[in-house]
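Enquirer: when you get a sec, could you give me coordinates for this:
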Amino acid sequence: VIVLNDDHNTFEHVAATLARYIPGVDYARGMQLANKIHSTGQARVWSGHREIAELYWDQLSGAGLTMAPLA
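Expert: Numbering: from 1, shown residues only. Next comes the predicted model:
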């Protein structure tokens, strides 16, 4: 599950959204990922079984994050 950089989400929103939906990600880790997304253009935020990936993709997308297509 890859989140892409965009011009409309704040670091705080990205971090809070990742912490809400991705297991093992707390707000501090979400901020680290938000920084990576900002500086490199994207970050893999979760990897695993496709069905679970689709759920996380839908949740993050529904919360307004810009997502890369699932491979």
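Enquirer: got the phi and psi for D6?
Expert: The phi and psi values for D6, taken as degrees, to the nearest 10, are phi -150, psi 180.
Enquirer: neighbours of it, how many?
Expert: Counted by other Cβ atoms under 10 Å, the residues lying close to D6 total 14. No exception for glycine: its C-beta is placed from N, CA and C like everyone else's.
Enquirer: tell me the mean pLDDT over stretch 52-60?
Expert: On average, the pLDDT along stretch 52-60 is 98.
Enquirer: just the CA trace of it, in PDB.
Expert: Coordinates of the C-alpha atoms in stretch 52-60 are reproduced here as PDB (Å, rounded to 0.1, in the frame of the first residue of the first chain):
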ATOM      1  CA  ILE A  52      -6.100  -6.700   3.600                       C
ATOM      2  CA  ALA A  53      -4.100  -4.300   1.300                       C
ATOM      3  CA  GLU A  54      -7.400  -3.500  -0.500                       C
ATOM      4  CA  LEU A  55      -9.100  -2.800   2.800                       C
ATOM      5  CA  TYR A  56      -6.300  -0.400   4.000                       C
ATOM      6  CA  TRP A  57      -6.200   1.200   0.500                       C
ATOM      7  CA  ASP A  58      -9.900   1.900   0.600                       C
ATOM      8  CA  GLN A  59      -9.700   3.300   4.200                       C
ATOM      9  CA  LEU A  60      -6.800   5.600   3.400                       C
END
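Enquirer: pull out the buried positions in it.
Expert: A53, Y56, W57, L60 (16 or more other Cβ atoms under 10 Å).
Enquirer: ditto for stretch 21-31
Expert: By neighbour count on 16+ other Cβ under 10 Å, the buried set for stretch 21-31 is Y21, I22, V25, G30, M31.
Enquirer: next, the distance between the ends of that stretch.
Expert: Criterion Cα to Cα, to the nearest Å; first-to-last residue distance in stretch 21-31 is 14 Å.
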